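Asker: Pasting the sequence and the predicted coordinates here, then a few questions.
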Amino acid sequence: MTRQALSISSKKVTRSVPARLCQDGCQQSVSCLDHPLSKISGKLEDSLIKNRYNKIRMSNTGKVFSSFLELIRATAIVLVVAFVLRAYAVQPFIVDGQSMEPNLHTSDYLLVEKFSYYVRGPRSGDVIVFRAPERPDYNYVKRIIAGPGDRVEIKNGNVHVNGSKLKETYIPSGEPTFVSGTLDVNYHKTMSADQYFVLGDNRNSSSDSRDWGPVPRVNIVGRAWVTVYPLKDFGGVMHAQPQQVK
């Protein structure tokens, strides 16, 4: 009885730990690693992981490329807007010289606006920037004294327009206006339909219409608008229409 019990017990122990089999008969614990199908499945899984990684990597590259395109697009828009503004609205200039003192000074950073003259024509008293008639590659800044159809005379150190002497508040009081550096020479000129007579505010340190004649309308770039630098000169440019006195 004892031997049988032991024998039965031994058999029971042997049978209590049966080997788990996969469908083709190989031993299996958690996964059938030695099975050919398992190896194929593992390769497929590795391939899927790699493809997923490649998709993520391609997605990141696409984002960088898309951001680069957006940067190019934004830069192009800024350049186009700047070009349009410069061509049709506002253009910067730096004053070089003393011909417009005491109202503008050398090295002043000046903004010139162009939109006013799309609405109206230049007027007496406007400070304008224009291409010099005798040197079209140079830009000058002066004040308009007379416009189309006006008759200009300079005599005895005073400027006359259409027979009336001008009271000019934008130049130092009592400063005479010379012609050819002397009071002994008078100036007479009638403007044609597209001509403007200009003078510098610093009359006797300015090359202007007294020397090279009127400015054609087509040469006018725009109207001086504001001085932005240096800060001590910051402010709008003074446009004062000359007053006619008998």
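Answerer: Sure thing, it's come through. For clarity, every value in this text was computed on a predicted model and none was experimentally measured. Numbers count the residues shown, from 1 in each chain.
Asker: Would you tell me which strand is longest in this protein?
Answerer: strand 135-146 (DSSP state E).
Asker: Show me what that one is packed against.
Answerer: The contact analysis (3 or more Cβ pairs under 8 Å, 6 or more residues apart in numbering; DSSP states H and E) places strand 135-146 against strand 127-132, strand 158-161, strand 195-199. Quick note: C-beta positions are derived from backbone N, CA and C, even for glycine.
Asker: pLDDT weak spots in the chain?
Answerer: Scanning the chain for pLDDT under 70 picks out 1-60, 81-88, 245-246.
Asker: quick one, helices of this structure?
Answerer: Residue ranges of the helices in the chain, as given by DSSP state H, are 2-16, 36-88, 116-119, 209-212.
Asker: thinking again about what came up before, which one of the helices and strands packed on strand 135-146 lies closest to residue 66?
Answerer: Distance to residue 66, taken as Cβ to Cβ, is lowest for strand 127-132 among the helices and strands packed on strand 135-146, at 43.4 Å.
Asker: From the rest of the structure, what touches that closest one?
Answerer: With contact meaning Cβ atoms under 8 Å, 6 or more residues apart in numbering, strand 127-132 is reached by 91, 93, 100, 103-104, 110, 112, 122, 137-144, 196, 198, 212, 215, 219-224, 237-239.
Asker: tally of neighbours for residue 69?
Answerer: Here the number of neighbours of residue 69 (other Cβ atoms under 10 Å) works out to 10.
Asker: Quick one: residues contacting it.
Answerer: Residue 69 touches nothing, counting by Cβ under 8 Å, 6+ apart.
Asker: on that earlier part again, out of the contacts of strand 127-132, which end up buried?
Answerer: 91, 93, 100, 103-104, 110, 112, 122, 139-144, 196, 198, 215, 219-224, 237, 239 (16 or more other Cβ atoms under 10 Å).
Asker: Quick check: the gap between the residue lying closest to residue 221 once chain neighbours are set aside and residue 212.
Answerer: Nearest residue to residue 221 in three dimensions, chain neighbours excluded: residue 129, at 4.6 Å (Cβ to Cβ, 6 or more residues apart in numbering). From residue 129 across to residue 212, the span is 16 Å (Cβ to Cβ, to the nearest Å).
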